[in-house]
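Asks: this one's sequence-less:
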Ligand code: UFG
């Protein structure tokens, strides 16, 4: 039985593509919009192959309101999941206007069209970045947010405010903000995964690229943090687990359950791992060595953060289920597939 049609913006990206698969497998019809600025059209075919379902895809930039408007007329959307955004922290420092323009205008267009076309449910991809360097660990959804260090982080904070204000102002509008911790891994089919353009931004693609020999060694940014082994701590969440959180958020909206018009959930494992621990765990899980060197801290990094995930467990009935080993092996299989290595 079809449960409704969902507009997935940024659906060719890393998290968007995995979410599209989970939504289709859960019985939703998915319409993907992506400008392919940081993704490839082949991902759409891969989603169709995994799900044995043709996927509606439009190459549209969400800052183009007219083009989006046509899609809102053409399809009767029941909800929107809004992923489309730029996400490179360093790039956002160098080119803040590009980030504010793209990330905020896209969101505003989506919300305006939702109100105009009476599409009343939105799930938004927020980030643990809104917590900054937290005073208490693990962070709950009630932990105060801190001013973000980068324009990218600020766009996530502003986006949360824009959505919160809209949910308050427009009767019937409902939003779920998912604050992702550090997504990693790939789909078990081996057909979709993280596709960093040029130099990656995140740790796990650096680890797998070093393991496969594209990079000589991994730089570990900072060995003098106040953590047991001196490297920074994060909460690494499997991308398929993360994708499934969107499906349960959608179910919650469909069934009308919810404590307020705008709800926030942390999406992580609840477990902190240091960079060194993750590297050693990768080596154990795959049997492949990762040459590394501890270097200076990276500007703007927080020392440690991990999630309290009890709200998602209690309210959404969602919990991460995949082990770090399993996800590291999936990331490794994906890297080898990309490079044609057996
Ligand atoms: N790291 C290394 N070496 C690398 C890459 C990363 O040591 O080559 C370290 C970082 O310094 C950090 C940890 O690995 O301590 C994780 O770094 P990532 O870049 O993978 O992730 P971040 O926690 O910095 O970034 C995540 C999200 C971003 C978001 C950011 C802000 O991926 O989208 O949180 O909280 F903006």
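Replies: Sure, I can see it. As the structure is a computational prediction, the values presented were derived from the model and not from experiment.
Asks: any part of the helix-or-strand element of the chain with minimal mean pLDDT near the ligand?
Replies: None of the helices or strands of the chain scores lower by mean pLDDT, DSSP states H and E than helix 89-94, at a mean of 94. Yes. Shown here: helix 89-94 in contact with the ligand (C-beta under 6 Å from any ligand atom) through residue 89. For the C-beta atoms, the positions are set from N, CA and C on the backbone; glycine is no exception.
Asks: buried set for that helix?
Replies: 89, 91, 92 (16 or more other C-beta atoms under 10 Å).
Asks: now residue 121: how far from residue 164?
Replies: 15 Å (C-beta to C-beta, to the nearest Å).
Asks: if we can go back for a sec, so after the least confident helix or strand of the chain, what's the next helix or strand?
Replies: helix 96-99 (DSSP states H and E).
Asks: centre of the chain versus that following helix, how much separation?
Replies: When distances are taken as C-alpha atoms, centre = their mean, to the nearest Å, helix 96-99 is centred 20 Å away from the chain's centroid.
Asks: and stretch 277-293, by the same measure?
Replies: So, by C-alpha atoms, centre = their mean, the centroid of stretch 277-293 is 24 Å from its chain's centroid.
Asks: that stretch and the ligand in contact?
Replies: No. Judged by C-beta under 6 Å from any ligand atom, stretch 277-293 stays clear of the ligand, getting no closer than 7.8 Å.
Asks: in which helix or strand would I find residue 68?
Replies: helix 65-74.
Asks: which residues sit against that helix?
Replies: With contact meaning C-beta atoms under 8 Å, 6 or more residues apart in numbering, helix 65-74 is reached by 7, 31, 33, 58, 60-62, 109-110, 112-113, 116-117, 119.
Asks: mean confidence for that helix?
Replies: The pLDDT scores in helix 65-74 average 98.
Asks: next, the buried residues of it.
Replies: Applying 16+ other C-beta under 10 Å to helix 65-74 flags 65, 67, 68, 71, 72 as buried.
Asks: likewise stretch 188-201?
Replies: Of the residues in stretch 188-201, 191, 192, 193, 194, 195, 200 count as buried by neighbour count, 16+ other C-beta under 10 Å.
Asks: dump the residue contacts of residue 272.
Replies: 137, 138, 233, 234, 235, 304, 305, 306 are the contacts of residue 272 under C-beta under 8 Å, 6+ apart.
Asks: repeat that for residue 89.
Replies: Contacts of residue 89 by C-beta under 8 Å, 6+ apart are 149, 150, 152, 153, 201, 300.
Asks: likewise for residue 55?
Replies: 20, 24, 30, 32, 44, 47, 48.
Asks: can you pull the phi/psi pair for the third one?
Replies: Taking degrees, to the nearest 10, you get phi -120, psi 130 for the backbone angles of residue 30.
Asks: residue contacts, it?
Replies: Residue 30 neighbours (C-beta under 8 Å, 6+ apart): 5, 6, 8, 11, 20, 23, 24, 55, 56.
Asks: does the second one count as helix, strand or coil?
Replies: Taking DSSP: H, G, I helix; E, B strand; the rest coil as the rule, one finds residue 6 in the strand state.
Asks: pretty sure it is touching residue 28, no?
Replies: Yes. Residue 6 lies in contact with residue 28 (C-beta atoms under 8 Å); the separation is 5.2 Å.
Asks: overlap of the contact sets of these two?
Replies: residue 250.
Asks: with neighbour numbers in mind, choose between these two.
Replies: residue 6 (27 against 22; other C-beta atoms under 10 Å).
Asks: quick check: the residue of the stretch 51-200 of the chain nearest the ligand.
Replies: Of all residues in the stretch 51-200 of the chain, residue 129 sits closest to the ligand, with a separation of 3.3 Å (C-beta to the nearest ligand atom).
Asks: any idea how far that residue is from residue 182?
Replies: Relative to residue 182, and taking C-beta to C-beta, residue 129 is found at 10 Å.
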